[in-house]
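[1] Sequence first, predicted model second:
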Amino acid sequence: MNRILILFAHPRFEKSRVNRALLQEAGRVPGVTLHDLYERYPDFNVDVEREKALLAAHEVIVWHHPFYMYGAPALLKQWIDLVLEYGWAHGPGGDFLKDKFVFNALTSGGARETYAADGFHRFSFEEFLTPFRQTAALCQMVDLPPFVVAGTYRLTEADLKIHATLYGDLLARLSRGDFRIEAVRRFAFLNDWLAEDAEGQRP
Amino acid sequence: MNTAFLQDALIYLATALVFVPVAKRLGLGSVLGYLIGGILIGPHFLGLIGGEGKDILHFAEFGVVMMLFLIGLELEPAHLWRMRRLILGTGVVQMGVTTLCFLGACLLLGFPWQAALASGLALSMSSTAIVLQTLKEKGLDRTQSGRSAFAVLLFQDVAVIPILAALPLLALYTAPVPAGASRTFLEGLPGWAQTVALLGTVGLVILGGRFVAVPFLRFIARLRLRELFTVSALFIVVATAYIMGRVGLSPALGTFLAGVVLANSEYRHELESDIEPFKGLLLGLFFIAVGASINFHLIVIRPLEILALVGGAVAIKFLALCLTGRVARMTFDQTLLFSVSLAQVGEFAFVLFSFMYQLHLLPAEWTDRMMGVTAISMTVTPLLLLVSERLILPRFGTRETEEKATDAVDLHPPVIIAGFGPFGSTVGRFLRANGVQATILDTDSDRVDLLRKMGFKVFYGDATRLDILQAAGADRARILIAAIGSPDINQELVEKVQRRFPHLTLMVRAQGRPDAYTLMDMGIRNIYRESLDTSVRLGVDALVKLGFRRYSATRAGQNFLKYDEAAMHRLAPHRHDESAYIFTTREQVELQERLLTHDREANPALNDHAWDSEVRADHPPDAGTGP
């Protein structure tokens, strides 16, 4: 069984109904550790040793955050800068994260189609996430496509329920190890992989 | 009261009052003022003081004794250890070369080798009193040459101990001490026993200082009677000097040792400031006496001989010092300054020559001449310094008056913390944890004692006394943290520091808002209300316990602190609107009211729209990037 560490970074979690729903669902999955960074480090003073111990105890790492200004909130960047140390996460002797899985789980106000060359935001999510992908590669981690809940302002309660359940399913499958990396990587979003898998299983 | 005594006192005081200001005005320095004054009132000119000049000299030597006590106090064993290479290096070279040169010169003059060696050692001494006083007055004590001069003087001061101990051994080979002539305890003993006794006494002073003097001072400090502490300080100095004198050792060395032993104690600054005025007075008297004791009779009879002796002695010393400076890799102008300032024969030579006379190492006529040479060379030193400063050094144009900021052997930490209660001690601990040393002053002797046991550099002393601040290095520190618990005392301290040490950055603890306003009126910029941060932190935690997100609560707390500081500055001008200058209870209540209104109007947490999705919702949803 893979143990999953969700590194959740949201400076205004109390106002995010989408993330509340996602985390509620995630909390139910066995083997998932929820780590609320803004609650733990309100002063941005990240405890590096503690974080390294947490990373060591998990096989799947999730950077779960709202997609603020095309990136992660400041504390997640702080976490990455401080914890992924040279000589530990990368560089000589830095192979403590080798072969762990990592992906972004993000929520965005803008709809999915606006993140395209001809869309309002002009670039795709994959393009905006390149720093994360290369960080993962630098640390010899296996990066998976992102899990994205886009267009959050327009989500109805029913939509929200579907997304939350999907997130729960995703974590459960990753936890069970019920996936093939090559297959997963063919998709832009983890959401798409789950959807097609569900299609395929349908008679 | 004996009017003769009053008359004498009047003469000395008036001499100081007339000549020192004049000399200072002319740029000659106070030492030369005293010396010239002494020469003029001496038996050879005005004759205001006659044969008793010699007695006065003996009495005033006590100023030198006190000065050495103070020098000792300045030198913690740790600092001595850090300066060891400088002290040993320059000291050994200077003394060795100078002694050898004089040894040769004296042999040429027909001295037996023992007398020549002893005289060489005595003549190699320089005058700590004159050099340190002069360098300090000219602000040269922090330069490379000043520091090296200090190192050499220190080495000499310490070297006198073994020299005094060794002189009786030299005397063994000339004439035995005649029986019945012994005045001191030592003189009746054989040479080896004298040496053993000398070393034993030195050990006694060290142990006594550590195990008797410190507990004694602690006891006195607890009584909180300032003058009694002064009495104790004087007692320690006088007692040490007496014991040393009793066994026939130099009192100056004894007190120097006592000073070094006490330099590690918490009473260092207090002792320093208590002894300082006495030292100043007696040293002035000493310089006057040196001036008065110059035997002009001898000069008149054999002017050329004395002139040649003085010139020769100063020249030999100067050249030997130049060599030392070269060895120590000083720049040319620093070497020159160093050599000129140390080229005189010092007051320890008086001690050594008279000891040699007692031991029959030196005949009376030579003792007289040597004493004369010593006194004249001391008088000439400030003049020589003046000449080199005015005429020689400017030609080279590279004179360094000030050291660079980086200073490996700086004796003074950059921070002074006044008041080491819970507030000050937290600051001190934090600074120390980050490798910043602070000099700490506190008046609670029990607390000082405890903290010292825990390894803090705490000194017992009233920080509102300017002399204590001076002794704690206020003129060299960069920051003074006023953390005294009582706002009144703290303000008194702030006022004094502003007036006397304007270069110091003041960081001040304030009890509350009224206190902070008073400090603001005094022009203080760095004010820290003791209850503010802690209260807000508690408030933040309370919000968290009520279910607030910790980060949001933290931000609200940070904003509140910022807002509160701003509000204080905004409301400051209005606080005297009600006419009364003194903060009345009514005024405080009104202020509190005004604050509360402000809080509601300008609640930073409510105005904080960061990451707000509600605001976003009014915009076309696709424009936003957040959830």
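    Thanks, I have the structure now.

[2] tell me the secondary structure for residue A:122?
    Per DSSP: H, G, I helix; E, B strand; the rest coil, the local secondary structure of residue A:122 is coil.

[3] Pull the residues that contact the helix or strand where residue A:81 lies.
    Assigned by DSSP states H and E, residue A:81 falls within helix A:74-83. Contact with helix A:74-83 is made by A:7, A:9, A:11, A:37-38, A:41, A:44, A:46, A:48, A:51-52, A:55, A:63, A:65, A:71, A:89, A:135, B:551, as judged by C-beta atoms under 8 Å, 6 or more residues apart in numbering or on different chains. Every residue, glycine included, has its C-beta placed from N, CA and C.

[4] what about 10 Å?
    Contacts to helix A:74-83, defined as C-beta atoms under 10 Å, 6 or more residues apart in numbering or on different chains, come from residues A:7-11, A:35, A:37-38, A:40-42, A:44-52, A:54-55, A:63-66, A:68, A:71-73, A:89, A:97, A:104, A:131-132, A:135, A:139, B:551.

[5] where exactly do the strands run in the chain?
    No chain specified, so I'll use chain A. Secondary structure of chain A by DSSP state E: the strands cover A:4-8, A:32-36, A:60-66, A:101-107, A:142-143, A:147-149.

[6] that's the other chain; I wanted chain B
    With DSSP E as the criterion, chain B has strands spanning B:415-418, B:438-442, B:458-460, B:479-482, B:505-510, B:526-529.

[7] Low-confidence regions, the stretch 51-200 of chain B specifically.
    Along the stretch 51-200 of chain B, segments meeting pLDDT under 70 span B:51-54, B:57, B:139, B:142, B:172-191.

[8] Equivalent analysis for chain A, please.
    For chain A, the stretches with pLDDT under 70 are A:201-203.

[9] mind checking the longest helix of the chain?
    This is for chain A. For chain A, the helix with the greatest residue count under DSSP state H is helix A:157-176.

[10] let's do chain B instead
    Secondary structure of chain B per DSSP H: the longest helix is helix B:144-171.

[11] just to revisit the earlier point, reformat the strands of chain B as CSV; add distance to residue B:495, mean neighbour count and mean pLDDT.
    Listed next are the strands of chain B as CSV, based on distance: least, C-beta to C-beta, whole Å; neighbours: other C-beta atoms under 10 Å in any protein chain shown; pLDDT from 0 to 100:
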stretch, distance to residue B:495, mean neighbour count, mean pLDDT
strand B:415-418, 13, 27, 92
strand B:438-442, 16, 27, 86
strand B:458-460, 22, 25, 78
strand B:479-482, 10, 24, 94
strand B:505-510, 10, 21, 95
strand B:526-529, 15, 17, 93
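
[12] Any idea which of those strands gets closest to chain A?
    strand B:526-529 (19.3 Å; C-beta to the nearest C-beta).

[13] Give me the distance between residue A:188 and residue A:1.
    Computed as C-beta to C-beta, to the nearest Å, the residue A:188 to residue A:1 distance reads 28 Å.

[14] now swap in residue B:239 and tell me
    82 Å.

[15] Compare those two (neighbour count), which wins?
    Higher neighbour count among residue B:239 and residue A:1: residue B:239, with 16 against 9, using other C-beta atoms under 10 Å in any protein chain shown.

[16] Just confirm the more buried one contacts residue B:231, I think it does.
    No. Counting by C-beta atoms under 10 Å, residue B:239 sits too far from residue B:231 to count as a contact (11.7 Å).

[17] just to revisit the earlier point, where helices are concerned, which of the contacts of helix A:74-83 count?
    Counting by DSSP H, those place A:37-38, A:40, A:48-52, A:54-55, A:131-132, A:135, B:551 in helices.

[18] In JSON lines: those residues, plus distance to residue B:112 and neighbour count.
    Below are the ones in helices among the contacts of helix A:74-83 laid out as JSON lines (distance: C-beta to C-beta, whole Å; neighbours: other C-beta atoms under 10 Å in any protein chain shown):
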{"residue": "A:37", "distance to residue B:112": "88", "neighbour count": "25"}
{"residue": "A:38", "distance to residue B:112": "90", "neighbour count": "24"}
{"residue": "A:40", "distance to residue B:112": "86", "neighbour count": "17"}
{"residue": "A:48", "distance to residue B:112": "77", "neighbour count": "14"}
{"residue": "A:49", "distance to residue B:112": "77", "neighbour count": "8"}
{"residue": "A:50", "distance to residue B:112": "81", "neighbour count": "11"}
{"residue": "A:51", "distance to residue B:112": "83", "neighbour count": "21"}
{"residue": "A:52", "distance to residue B:112": "80", "neighbour count": "17"}
{"residue": "A:54", "distance to residue B:112": "86", "neighbour count": "16"}
{"residue": "A:55", "distance to residue B:112": "86", "neighbour count": "21"}
{"residue": "A:131", "distance to residue B:112": "90", "neighbour count": "12"}
{"residue": "A:132", "distance to residue B:112": "92", "neighbour count": "20"}
{"residue": "A:135", "distance to residue B:112": "87", "neighbour count": "18"}
{"residue": "B:551", "distance to residue B:112": "89", "neighbour count": "26"}
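
[19] Please produce TSV containing the strands of chain B, extended by distance to chain A.
    Shown next, in TSV, are those (distance: least, C-beta to the nearest C-beta, whole Å):
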stretch	distance to chain A
strand B:415-418	25
strand B:438-442	25
strand B:458-460	31
strand B:479-482	24
strand B:505-510	23
strand B:526-529	19
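
[20] Look up how far chain A lies from residue B:13.
    Distance, residue B:13 to chain A, by C-beta to the nearest C-beta, to the nearest Å: 64 Å.

[21] can you pull the buried residues of stretch B:223-238?
    Neighbour counts over stretch B:223-238 (16 or more other C-beta atoms under 10 Å in any protein chain shown) mark B:229, B:230, B:232, B:233, B:236, B:237 as buried.

[22] Grab the nearest non-local neighbour of residue B:56.
    Distance criterion C-beta to C-beta, 6 or more residues apart in numbering or on different chains; nearest residue to residue B:56, sequence neighbours excluded, is residue B:289 at 4.5 Å.

[23] Could you tell me how many residues sit around that neighbour?
    Using other C-beta under 10 Å, residue B:289 is surrounded by 28 other residues.

[24] In contact with the residue of the stretch 1-150 of chain B found nearest chain A, which residues?
    The stretch 1-150 of chain B approaches chain A most closely through residue B:78 (35.1 Å), counting by C-beta to the nearest C-beta. Applying C-beta under 10 Å, 6+ apart, one finds that residue B:78 lies in contact with B:263, B:264.

[25] What of the one 10 residues further on?
    Residue B:88 makes contact with B:151, B:155 under the criterion C-beta under 10 Å, 6+ apart.

[26] picking up where we left off before, is the longest helix of chain A in proximity to chain B?
    No. Judged by C-beta under 10 Å from any C-beta of the partner chain, helix A:157-176 and chain B are separated, with a smallest distance of 11.5 Å.

[27] Who are the packing partners of that helix?
    Counting contacts by 3 or more C-beta pairs under 10 Å, 6 or more residues apart in numbering or on different chains; DSSP states H and E, helix A:157-176 packs against strand A:4-8, helix A:17-28, strand A:32-36, strand A:60-66, strand A:101-107, strand A:147-149, helix A:190-201.

[28] The first one: partners in the sheet, and parallel or antiparallel?
    Taking DSSP bridges as the criterion, strand A:4-8 pairs within the sheet with strand A:32-36 (parallel), strand A:60-66 (parallel).

[29] Quick one: closest of those strands to residue B:285.
    Residue B:285 lies closest to strand A:32-36 among those, at 76.8 Å (C-beta to C-beta).

[30] That's all I had, so thanks and see you.
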